[in-house]
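Participant: Quick one: sequence plus predicted model below, questions after.
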Amino acid sequence: MISVPIGKPSFFTVHLVFVLLTILFCFPGSVSASAEEAAALFKWKSSFFNPDNPLLTSWILQQNSSPCSWYGVSCIKGSVNRLNLSDSNIISTLYDFPFSSLPNLEYVDMAVNEFSGSIPPQIGNLSKLIYLDLQGGALSNEIPREIGFLKNLQTLHLNGNYLNGSIPEEIGQLRFLNDLALAANNLDGPFPASFGNLKNLSYLYVYDNHLSGPIPPELGNFDNLVEVYMDGNQLSGHIPSTLGNLNKLKVLYRFSNNLSGSIPSEIGNLTSLNTLSLFKNNLTGSIPPSLGNLRNLTLLHLYANQLSGSIPKELGNLMLLEDLELSNNL
């Protein structure tokens, strides 16, 4: 066996990678699929700004080596299907990630690393991907439209980066998506019209961006929604009455936006709700007595609006309520 020392890639290391890739290209049957994947992953590691990362000492390239025993790598039938490299102190970009060399990849968790630069459009090559977590990095520029090719995706976490531009229309092609986290970026513009296709969503986190325009009324058709965080944006218009259909909803955060009009009485249908926060908007009218139906509510924040009239006595039915804030209204 040929062993390669870990650390800054030597000429011998680079040459070995080149030889293996040449053999794979010219004689595809001569080296196993896992060896091809090992060479591709090792080449990617060699592009890191800190390739001597002590967590990745098991990433040793050997002739006909398999990556299945490497740190953070899991396989099915000898082919890589999972990468769990979260919080691994990787300092790099995704430009050299082997998107086309890992055809069976289903799970990628590379959260809380120092990835910079753009998300390459080649992300769309990972057609079997179910889980993708790139949160907590320094990724920038727009979300590539090719994200729409990941039609098996159920979890997409891109929160806590520096992504900008609008949410791409193609995101509506991810019809199996259950968990969407785009929070704490610099995204702007309205929700795309295709957003209404994401009817399997249970968790939606888009807080702390610059999103504008109305709340999509189609959200009321998302029967599985449990948590919605839209706070800290520039959303405007009325709160759709269709939200009253979300009988599984437990958390609804819409504070610090530019919402106007009245609080729809249909909100009182959300009997599973335990947190309702609509403060710092431009809401008007009276507090609907139907909020007294929210018997599981522990937090109700309606302060810093333009609500008028009296406090409805029905709020006295909220026996679990711990935090009620109605100040700075009319």
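Facilitator: Yes, it's here.

Participant: List the residues that contact the closest residue to P190 other than its chain neighbours.
Facilitator: Nearest-residue entry for P190: G213, 3.0 Å, with adjacent residues in sequence omitted and distances by C-beta to C-beta, 6 or more residues apart in numbering. Where C-beta positions appear, they are placed from N, C-alpha and C, glycine not excepted. Going by C-beta atoms under 8 Å, 6 or more residues apart in numbering, G213 touches G189, P190, F191, L235, S236, G237.

Participant: which of those residues lies closest to S118?
Facilitator: G189 (18.2 Å; C-beta to C-beta).

Participant: pLDDT score for the residue lying closest to the closest one once chain neighbours are set aside?
Facilitator: Closest residue to G189 apart from its sequence neighbours, by C-beta to C-beta, 6+ apart: S166 at 3.5 Å. We have a pLDDT of 98 for S166.

Participant: Give me the neighbour count for S166.
Facilitator: Using other C-beta atoms under 10 Å, S166 has 15 neighbouring residues.

Participant: right, and it touches N186 too?
Facilitator: No - with contact defined as C-beta atoms under 8 Å, S166 does not count as touching N186 (10.9 Å).

Participant: what residues do those two have in common as contacts?
Facilitator: With C-beta under 8 Å, 6+ apart as the test, S166 and N186 reach no residue in common.

Participant: Low-confidence ranges, this protein, go.
Facilitator: Applying pLDDT under 70 to the chain flags the ranges 1-33.

Participant: can you give me the strands for the stretch 1-150 of the chain?
Facilitator: Ranges of strands within the stretch 1-150 of the chain are 73-76, 79-84, 91-93, 107-109, 114-117, 131-133, 138-142, based on DSSP state E, counting those that start in this stretch.

Participant: Please report phi then psi for the closest residue to N281 other than its chain neighbours.
Facilitator: Leaving aside its sequence neighbours, N281 sits nearest to L259 (C-beta to C-beta, 6+ apart; 4.1 Å). Main-chain torsions, L259, degrees, to the nearest 10: phi -70, psi 140.

Participant: Run a quick neighbour tally on L259.
Facilitator: For L259, using other C-beta under 10 Å, the count is 23.

Participant: coming back round to it: now the contacts of G213: which count as buried?
Facilitator: Among those, the ones that count as buried by 16 or more other C-beta atoms under 10 Å are P190, F191, L235, S236.

Participant: Distance check, the second one against N233.
Facilitator: The reference is to F191. Distance, F191 to N233, by C-beta to C-beta, to the nearest Å: 10 Å.

Participant: residues in contact with the closest residue to N317 other than its chain neighbours?
Facilitator: Nearest non-adjacent residue to N317, counting by C-beta to C-beta, 6+ apart: G292, 4.3 Å away. G292 sits next to G268, P312, K313, E314, L315, G316, N317, L318 when contact means C-beta under 8 Å, 6+ apart.

Participant: and the residue nearest to the spatial centre of the chain, backbone torsions?
Facilitator: What sits nearest the mean C-alpha location of the chain, by C-alpha atoms, centre = their mean, is H157, with 1.9 Å. Backbone torsions of H157, given as degrees, to the nearest 10, read phi -120, psi 110.

Participant: Go ahead and confirm it touches A111.
Facilitator: Yes - using C-beta under 8 Å, H157 is in contact with A111, at 6.6 Å.

Participant: How many neighbouring residues does T155 have?
Facilitator: With other C-beta under 10 Å as criterion, T155 counts 18.

Participant: can you pull the contacts of G237?
Facilitator: G213, P214, I215, L259, S260, G261.

Participant: Make JSON lines out of those and add secondary structure.
Facilitator: What follows is these, written out as JSON lines (DSSP: H, G, I helix; E, B strand; the rest coil):
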{"residue": "G213", "secondary structure": "strand"}
{"residue": "P214", "secondary structure": "coil"}
{"residue": "I215", "secondary structure": "coil"}
{"residue": "L259", "secondary structure": "strand"}
{"residue": "S260", "secondary structure": "strand"}
{"residue": "G261", "secondary structure": "strand"}
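
Participant: what would the residues you listed look like in CSV with distance to L204?
Facilitator: Below are the contacts of G237 laid out as CSV (distance: C-beta to C-beta, whole Å):
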residue, distance to L204
G213, 16
P214, 15
I215, 11
L259, 16
S260, 22
G261, 21
